[in-house]
Structures are given as structure tokens and as C-alpha cells.
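>>> Sequence first, predicted model second:
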Amino acid sequence: MATEEMMVIGIAGGTGSGKTTLTNRLKERFGDEVTVIYHDNYYKRHDELTYEERCLLNYDHPDAFDTDLMMEHIRDLRAGKSIQCPVYDFTVHNRSDKTVEIHPTKVLIIEGILIFENKELRDLMDIKVFVDTDADVRILRRILRDVKERGRSLESVVDQYLQTVKPMHEQFVEPSKRGADIIVLEGGQNVVALDMMIQRIYGHVYGTHVK
């Protein structure tokens with residue numbers, strides 16, 4: 001696949017903003033024509049630390065991610081090469097030994113809270129979408145997700161939110177929306193924005209508009 005044939009879409013926004021819902025709806029609509037890679041899977045490996053020490057790391061700072069590896073993988077996909085995407089295990093706060101082979105497709109979606117913070121990474125994207133959602137809604141969604149899906153205690157989720165998530169959002173995530181082409185309220189629940197993105201992707205994949 002030639003480089004120019006791949007459309008790269010970045011979907012950013014704060015924790016619990018609705019990024020994944022929007023991404024999933026696009027993936028459901030276009031199936032195998034769309035590949036998704038998550039910035040979360042590129043958290044740096046910390047085998048040298050104990051679990052307790054890893055729990056204390058700031059996972060909402062740009063330095064927590066191996067963004068250079070992610071950019072290398074995006075360039076490989078655009079060049080028509082497959083990649084071995086790392087897999088992050090949130091239950092142990094560390095990258096696992098597994099990787100997932102990802103093949104190039106016509107559309108690549110990159111999702112993450114901080115993907116617009118890095119200009120070099122932003123420049124690899126054709127469309128940049130920032131999902132903007134009220135802070136109260138986001139924290140409630142994060143609590144439900146981390147307790148149900150990631151095995152965290154309510155106390156640990158609230159502590160992490162107050163100590164790192166909220167201040168890092170204000171320092172890095174919120175300002176990064178200036179790098180977006182489109183700001184979408186409420187993510188996948190925003191039917192108008194979703195329809196607009198479907199039209200754009202459909203035109204790129206099939207060379208025509210949705211009928």
C-alpha cells in the first residue's frame with residue numbers, strides 16, 4: 001500500500017471523554033478498512049520497578065509514553081509495512097510480553113489523551129479530532145471503568161485523579177486541543193459529528209459519498 005493511500009485520524013481528549021466510544025463506532029461502521037492503535041499501549045516498560053513503585057508513577061505526563069516508537073510504527077504502516085504493536089497490562093501497570101501484529105489499512109485511527117501534545121506526532125495525522133466533555137462526567141466514567149475493568153479500588157482511582165490526572169489534564173491535555181482540526185462535544189454520542197466523520201472516511205475508502 002502506498003503512503004498516500006492511508007488516511008491517519010487522531011482522536012484525543014481527556015480521560016473518560018468518549019474517545020473510545022467514537023473510535024469504536026467508526027470501527028464498527030468500517031470494519032477491516034480501519035485499524036486502531038492506542039497511545040496507552042505505548043506506555044514505557046518498567047520491569048525494574050516493583051508493582052508498588054509502578055503504582056506511584058505519573059501516567060498522565062508525556063514522558064510516560066514511548067511516543068518515538070509509536071511514530072516509527074505509524075510511519076511503517078503508512079509505508080505499507082506491518083508492525084508489532086505492544087500490549088499494556090493495566091492490572092499490573094506495565095507493558096506485557098505480548099505484541100499484536102497490525103497490518104496497514106486505508107484508515108488508521110490513533111487514540112490517546114496526549115497525542116496532540118507532540119507536534120511531530122500531530123504532523124503524521126491528516127485529521128485531528130478532540131473530544132471535549134465536562135470534567136464531572138469524565139471522572140465518573142473513569143471511576144466506573146477503572147473499578148470494573150482494571151481491578152482498581154475506588155480510593156486508588158480518586159487519589160490518582162486528584163494527584164496526577166487532573167493537574168496533567170490542565171497542564172497538557174486541555175491546551176493540546178488547540179492542535180485539533182475539529183472539537184467534538186460528547187464523543188460518540190454526538191451524532192452530527194459522527195456522521196460527518198463517516199462521510200469523510202467513506203469518501204476516502206470508497207471514493208464516493210454515503211448514500
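Great, that's in hand. Treat the numbers as computed from the prediction; the structure is a model and nothing was measured.
>>> I'd like the average pLDDT over the helix or strand hosting Cys85.
Element membership for Cys85 (DSSP states H and E) is strand 83-89. For strand 83-89, the mean per-residue pLDDT is 97.
>>> That one: partners in the sheet, and parallel or antiparallel?
strand 94-102 (antiparallel) (DSSP bridges).
>>> Please give me every residue in contact with Gly179.
Phe116, Lys119, Arg122, Lys128 (Cβ atoms under 8 Å, 6 or more residues apart in numbering). From N, CA and C alone the C-beta is placed, and that goes for glycine too.
>>> Let's see that with 6 Å instead.
By Cβ atoms under 6 Å, 6 or more residues apart in numbering, the residues touching Gly179 are Phe116, Arg122.
>>> how close does it sit to Gly16?
21 Å (Cβ to Cβ, to the nearest Å).
>>> thinking again about what came up before, any buried residues in the strand holding Cys85, and which?
Ile83, Cys85, Pro86, Tyr88 (16 or more other Cβ atoms under 10 Å).
>>> And for stretch 32-46?
Quick answer for stretch 32-46 (16+ other Cβ under 10 Å): Glu33, Val34, Thr35, Val36, Ile37, Tyr38, His39, Asp40, Asn41, Tyr42, Tyr43, Lys44.
>>> Could you export the residues you listed as a markdown table, including distance to Gln171 and pLDDT?
A markdown table is the format used below for the buried residues of stretch 32-46 (distance: Cβ to Cβ, whole Å; pLDDT from 0 to 100):
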| residue | distance to Gln171 | pLDDT |
| --- | --- | --- |
| Glu33 | 36 | 95 |
| Val34 | 32 | 96 |
| Thr35 | 31 | 96 |
| Val36 | 27 | 97 |
| Ile37 | 25 | 97 |
| Tyr38 | 22 | 97 |
| His39 | 17 | 97 |
| Asp40 | 19 | 94 |
| Asn41 | 23 | 96 |
| Tyr42 | 20 | 98 |
| Tyr43 | 18 | 97 |
| Lys44 | 19 | 96 |
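>>> Next step: those residues restricted to strands.
Under the assignment DSSP state E, those contribute Val34, Thr35, Val36, Ile37, Tyr38 to strands.
>>> from the residues you listed, which is closest to Asp76?
Proximity of those to Asp76 (Cβ to Cβ) peaks at Ile37, which lies at 11.1 Å.
>>> Can you list the residue ranges for strands in the chain?
Using DSSP E, strands in the chain cover 7-13, 34-38, 83-89, 94-102, 107-111, 127-132, 182-185.
>>> what's the closest of those strands to Glu149?
Short answer: strand 83-89, nearest of the strands of the chain by Cβ to Cβ, at 12.2 Å.
>>> so how far is that closest one from its chain's centroid?
A distance of 13 Å separates the C-alpha centroid of strand 83-89 from that of its chain, computed with Cα atoms, centre = their mean, to the nearest Å.
>>> Repeat that for stretch 18-32.
Using Cα atoms, centre = their mean, the offset of stretch 18-32 from its chain centre is 12 Å.
>>> May I see the buried residues of it?
So for stretch 18-32, counting by 16+ other Cβ under 10 Å, buried means Gly18, Lys19, Thr20, Thr21, Leu22, Thr23, Arg25, Leu26, Lys27, Phe30.
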